[in-house]
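> here is the input, now give the coordinates:
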Amino acid sequence: MLQSIACIALPQMAPFEFGVICEVFGIDRREHGGPTFDFHVVAADPGPIPTKLGFDVVVKEGLDFAYEADLVAVPASLIDSPADERVLDVIRHAVDRGAWVLSVCSGAFTLGHAGVLDGRRSTTHWMYSDTMARMFPKTEVDPDVLFVQDGKVVTGAGTAAGIDAALHIVRTELGASAANIVARRMVVPPQRDGGQSQFIQTPVPDRGSDSFAKVTEWMLEHLDQDLTVDLLARKALMSPRTFARRFRAETGTTPNAWLNRQRLLRAQQLLEETSLTLEEIARETGFGAAAVMRHHFLKVLQTTPTRYRRLFGVRAAG
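Prediction:
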């Protein structure tokens, strides 16, 4: 189980990406029923660590804790910064012993220097993807996704995508309810799928998006129904083609993919918090049958509903 986290402070690191790691893993959320972690910020050379914005972060611990941590997290830093061999050794050791390794944004370059991305898929900020592919040709860089998990190595894309990558690890280890509590405290969506595009074409919605948001809210309230694109388009007063195009532009994914993710999240919650049968959960979430729900669990979560309930249901009930 995920308990101990080491965040490695790097010279010229980006404060926001460093803060993302601290915010997700460094705050005690027991008061709200959420997780708490043994969180440490460490550095190869303890003391003032300069950030790329000109101020220092004072780190008191060396790297010893990171050699035993369940998760080693690496924030963004300048992509042309020299790699510290001591940091690279910590990262290699974490992979070798089966710990989680997380990079945020250009932190993937540090993982690349460590060699742990060789033979793996990865991502980084879209602005750096071509450079990363040239520097580390043994990794398959996907510039279009929010994060990539390959084994227990997770690389997050640009900036805020690090939140999605970090919450993904919390969800994988501790379940959807724990991740939802963290997300709610952070006032962010509890889940944006890793395969969702980095390129959301309309980051500032126009006035028409108010009615579009009402449609997505209606979708969440009616997951048990057969929500076809034609039906949703009628709700939005659009043609099916326009609705599909607008939906992808505003969410970064297709209506069907978004629905499947929301149905999975709802199914995870019901498996954790209720004693409903698998067939009842499948009907309530819109999968229709337990076999169909099982297919989607295996495809996306690499586990079955039964195993998921065994891992997280008792914890949630307790």
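> check contacts around the closest residue to residue 115 other than its chain neighbours.
Residue nearest to residue 115 in three dimensions, not counting chain neighbours: residue 92, with 6.8 Å by CB to CB, 6 or more residues apart in numbering. For the C-beta atoms, the positions are set from N, CA and C on the backbone; glycine is no exception. Contact analysis of residue 92 by CB atoms under 8 Å, 6 or more residues apart in numbering lists 114-116.
> so which of these comes closest to residue 102?
Nearest to residue 102, judged by CB to CB, of the contacts of residue 92 is residue 116 at 11.6 Å.
> as a check, name the ranges of all strands in the stretch 101-250 of the chain.
Ranges of strands within the stretch 101-250 of the chain are 121-122, 140-141, 147-150, 153-156, based on DSSP state E, counting those that start in this stretch.
> nearest to residue 65 among those strands would be which one?
So among the strands of the stretch 101-250 of the chain, strand 153-156 is nearest, using CB to CB, at 19.7 Å.
> coming back round to it: please work out which of the strands of the stretch 101-250 of the chain is packed deepest.
Most buried of the strands of the stretch 101-250 of the chain, by mean neighbour count (mean count of other CB atoms under 10 Å): strand 153-156, with a mean of 30.
> ok, residues contacting that strand?
So strand 153-156 is contacted by 95, 100-105, 107-108, 111, 116-117, 120, 122-124, 146-148, 162, 164-166, 168-169 (CB under 8 Å, 6+ apart).
> how far does it sit from its chain's centre?
How far strand 153-156 lies from its chain's middle: 9 Å, per CA atoms, centre = their mean, to the nearest Å.
> and of the contacts of residue 92, the nearest to residue 176?
residue 116 (27.8 Å).
> my read: that closest one touches residue 90, true?
No - the criterion here is CB atoms under 8 Å, and residue 116 misses it with residue 90 at 10.8 Å.
> and the strands of the stretch 101-250 of the chain as JSON lines, adding distance to residue 77 and mean pLDDT?
Below are these laid out as JSON lines (distance: least, CB to CB, whole Å; pLDDT from 0 to 100):
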{"stretch": "strand 121-122", "distance to residue 77": "16", "mean pLDDT": "96"}
{"stretch": "strand 140-141", "distance to residue 77": "18", "mean pLDDT": "96"}
{"stretch": "strand 147-150", "distance to residue 77": "18", "mean pLDDT": "94"}
{"stretch": "strand 153-156", "distance to residue 77": "14", "mean pLDDT": "97"}
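> residues contacting residue 111?
Neighbours of residue 111 in contact, by CB under 8 Å, 6+ apart: 74, 91, 101, 103, 117, 122, 153, 155.
> biggest separation within those, which pair?
So, the contacts of residue 111 by CB to CB: farthest apart are 91 and 122, at 13.2 Å.
> next step: the contacts of residue 92 restricted to helices.
residue 114 (DSSP state H).
> which of the contacts of residue 92 count as buried?
For the contacts of residue 92, a burial check counting by 16 or more other CB atoms under 10 Å picks out 114, 116.
> which stretches of the stretch 51-200 of the chain form helices?
85-96, 107-114, 129-135, 161-174, 176-186 (DSSP state H, counting those that start in this stretch).
> want to throw those helices into JSON lines with distance to residue 299 and mean pLDDT?
Shown next, in JSON lines, are these (distance: least, CB to CB, whole Å; pLDDT from 0 to 100):
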{"stretch": "helix 85-96", "distance to residue 299": "25", "mean pLDDT": "98"}
{"stretch": "helix 107-114", "distance to residue 299": "25", "mean pLDDT": "98"}
{"stretch": "helix 129-135", "distance to residue 299": "26", "mean pLDDT": "95"}
{"stretch": "helix 161-174", "distance to residue 299": "15", "mean pLDDT": "93"}
{"stretch": "helix 176-186", "distance to residue 299": "17", "mean pLDDT": "87"}
